[in-house]
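> Need a 3D model of the sequence below.
(chains A and B, ligands or ions: 1)
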Amino acid sequence: MDADIELVKQTLQGNEAGFEKLVYTYQDKVYTLCYRYSGNEEDANDLAQEAFIKAYRSLGSFKGNSRFSTWLYRVTTNVCLDEMRRKKRLIQTQSLDQPVTGADGEMSRIVADESQSVDVLYEAQEQADYIQSLLNELKPEHRMVLLLKDIMELSYDEISKVLNIPSGTIKSRLSRARDLLRRKLLDRELLP
Amino acid sequence: MGICSQIRPLLSAYLDGQNEAQESRMVKEHLESCDKCREELAQLQGLCRLLLNLEKPRPACGLWESIKARLH
Ligand SMILES: [Zn+2]
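Coordinates of the predicted model:
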């Protein structure tokens, strides 16, 4: 964390390499959040790029009284919520004949595991796509809380700082979002 | 069903250990005697596992280069 603060300082002093290191440190997390929020690679890349550029431009407002990651998540969630609201584009569920999501190597990594049959792989992918389609259906505010908690593994306290909402609101959004997903997955017999 | 409908909205926060002490005790006690609510809690746990195990996709290569080009 201190290392992050040091990199922020370097960046503010005009050393771009400092920011490059911050990007490499956090790009996977920022991208995962953007991907699960938007539901597709193209938007996720745009959103992640936008988030880092916003972060760079407003770096002076990072006062170091929270962790840099918390501040960066805050910038990222704002970009996601704003951008997707602006686009108001109906995101279609990814169809199964599209390539497996993710950057290079992902498919080969899965296929390399020979203990899994093609059917199991297909089923796993189908299930992941279905879950993503359910995420896409959630209200943006509910979806974001769920992603931060159940995918990004942030604490209630961190989520509260990132989204600037009290823990009661986190609880109720999380409860609603999880309940909706639970019911839909149950309908498909994807839960115990 | 009365008590169950009070308990159910608390299960999500119960899972995260985020209920008030009194609520938490109430849920715990109820779960000992109610199969239905226990089942629902197990389903929520299953859901959280599914979400956590979702693939964490990685950005296309060259993200930094694209960002860098737009910084100035
Ligand atoms: Zn019950």
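> Residue ranges in the chain under the pLDDT threshold?
You didn't pick a chain, so chain A it is. Along chain A, the model assigns pLDDT under 70 to residues A:1, A:88-116.
> other chain: chain B
Along chain B, the model assigns pLDDT under 70 to residues B:1.
> give the contact list for B:Ser5.
Contacts for B:Ser5 (Cβ atoms under 8 Å, 6 or more residues apart in numbering or on different chains) come out as none. To be clear about C-beta, it is placed using only N, CA and C from the backbone, and glycine gets the same treatment.
> Tell me the spacing between it and A:Val79.
Applying Cβ to Cβ, to the nearest Å, the value for B:Ser5 to A:Val79 is 39 Å.
> ok, now A:Asp119?
39 Å.
> Between those two, tell me which one has more neighbours.
Taking other Cβ atoms under 10 Å in any protein chain shown, A:Asp119 and A:Val79 do not tie; A:Val79 has more neighbours (23 against 8).
> Sticking with the more buried one, tell me its helix or strand.
A:Val79 is part of helix A:68-87, with elements assigned from DSSP states H and E.
> Does the longest helix belonging to chain A reach chain B?
Counting by DSSP state H, the longest helix found in chain A is helix A:16-38. Yes - interface with chain B: helix A:16-38 contributes A:Glu16, A:Phe19, A:Glu20, A:Val23, A:Tyr24, A:Gln27, A:Asp28, A:Tyr31, A:Thr32, A:Tyr35, A:Arg36 (Cβ under 8 Å from any Cβ of the partner chain).
> The helix holding A:Val79 to helix A:16-38, inter-axis angle?
Helix A:68-87 runs at 50 degrees relative to helix A:16-38, counting by axes from the mean of the first three to the mean of the last three Cα atoms, to 10 degrees.
> Could you list the residues in contact with helix A:68-87?
Here helix A:68-87 makes contact (Cβ under 8 Å, 6+ apart) with A:1, A:4-5, A:8, A:22, A:26, A:29-30, A:33-34, A:37-38, A:43, A:46-48, A:50-51, A:54-55, A:58, A:62, A:140-141, A:144, A:148, A:152, A:154, A:158, A:161-164.
> Next, the buried residues of that helix.
A:68-77, A:79-81, A:83-84 (16 or more other Cβ atoms under 10 Å in any protein chain shown).
> same deal with stretch A:45-55?
Burial within stretch A:45-55, assessed by neighbour count using 16+ other Cβ under 10 Å, is assigned to A:Asn45, A:Asp46, A:Leu47, A:Ala48, A:Gln49, A:Glu50, A:Ala51, A:Phe52, A:Ile53, A:Lys54, A:Ala55.
> How much space separates the first one from B:Cys37?
With distances taken as Cβ to Cβ, A:Asn45 is found 43 Å from B:Cys37.
> Also the last one?
Distance, A:Ala55 to B:Cys37, by Cβ to Cβ: 43 Å.
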